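**Q** Give me a model of this one.
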Amino acid sequence: MPAGQRVAPEVAPEPAEEEEEEEADVPEEEEEAPPSMFLLEEETEAETTDDPKGDDISLTIDAPVAPPRPEVTVSTMMAIDLILSDKLVNLMATDVLSGTYASPSLKLAGDVGFYRAGLQTLFPKGPQRDVAVATLESDIFEVPRDINEHTFVFPKLDMRWSDDYQSFVTTQTMNALGSVRGNPISKMVEVHVEVKMPSGGDDRLYIYVKSPSEQYYFFGFKDGVLNVVSNNTQFMNELDNMKARELVLKMDDGETYEILPVSPSTAEVFLRRVRDAF
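**A** Residues are numbered from 1 along each chain as shown. Below is the predicted model of the structure:
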């Protein structure tokens, strides 16, 4: 509130009108408040303090400022299982396989320890896993289908925590794709993943895979509902022609799992979200 003497107008307003004018000034002061939680609390206390003299109050607080949170980054091997029909998964796998023959291969030899630990964590012990581990030195990531029925295996994703999104989000555009439903890919393709883990629950998973043929596949999972969209016409025709009983499934635990086609704008919004994350 500015300091100084207030000059009364020639025609004095009635007391009720003065109160309305003074109350109308309060929101303007709140809009000018600095964006600090600590200061806002102090200002709220100052505004509620009775001051019969009408004098201005100046408050200065000398308090330590909390340091910024450290940046949290992780590298992870990820195996994803989505409940999709074999026909849909095979259409996607065929597209990715046919389009990645000229894509960059994986570079594994420089970080064999990471990939070995990932394989030993995600896949059961046995001769098939031993073979997969042994081939890492040759820059080959191939897990036999006998132990690999996962929809996607991503050998290495570099991710960073976003406080704004409450998510781990991939930081690179091109990422390693190991396999699709056990079909070995072992190439670098465009992949974006977000694992949302807010403190109040409501976990979500978003995956975007784009093959070199420029056909993409987007999946978003939340609370038993899997959103799906692709610009692969054959894939979407197959999805649209699925019967209701194939789209809404009753799981062994009694919960419902639903496959829900969505519009391409859903994938576009996700892409913008990922690209604006950092």
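**Q** quick one: buried residues of stretch 100-119?
**A** Taking 16 or more other C-beta atoms under 10 Å as the basis for neighbour counts, the residues of stretch 100-119 that come out buried are 100, 103, 106, 108, 114, 115, 116, 118, 119. Yep, even glycine has a C-beta here, placed from its N, CA and C like the rest.
**Q** wait, what's in contact with the last one?
**A** Spelled out, it's residue 119. Listed by C-beta atoms under 8 Å, 6 or more residues apart in numbering, the contact set of residue 119 reads 77, 129, 132, 133, 136, 143.
**Q** Can you tell me which of those is nearest residue 272?
**A** Among the contacts of residue 119, residue 77 lies closest to residue 272 (C-beta to C-beta), at 27.2 Å.
**Q** Just to be sure, the closest one is in a helix?
**A** No. Assessed by DSSP: H, G, I helix; E, B strand; the rest coil, residue 77 does not belong to a helix; its assignment is strand.
**Q** would you list every one of the helices in this protein?
**A** Applying DSSP state H to the chain gives helices spanning 15-31, 37-47, 86-99, 112-122, 127-134, 233-240, 244-247, 264-275.
**Q** So residue 159 sits against residue 172, correct?
**A** No. Shown here, residue 159 and residue 172 do not form a contact pair, counting by C-beta atoms under 8 Å, at 9.3 Å.
**Q** related to what we said a few turns ago, who wins for neighbours among the contacts of residue 119?
**A** residue 143 (25 neighbours; other C-beta atoms under 10 Å).
**Q** Quick check: the gap between that residue and residue 199.
**A** Plainly put, residue 143 is 35 Å away from residue 199 if you go by C-beta to C-beta, to the nearest Å.
**Q** swap in residue 154?
**A** With distances taken as C-beta to C-beta, residue 154 is found 26 Å from residue 199.
**Q** Of the two, which one has the most company?
**A** In this comparison of residue 154 against residue 199, neighbours counted by other C-beta under 10 Å, the higher total goes to residue 154 at 22 against 6.
**Q** residue contacts, the more buried one?
**A** Contacts for residue 154 (C-beta under 8 Å, 6+ apart) come out as 77, 78, 79, 80, 175, 176, 177, 178, 191, 193.
**Q** Sweet, I'm off.
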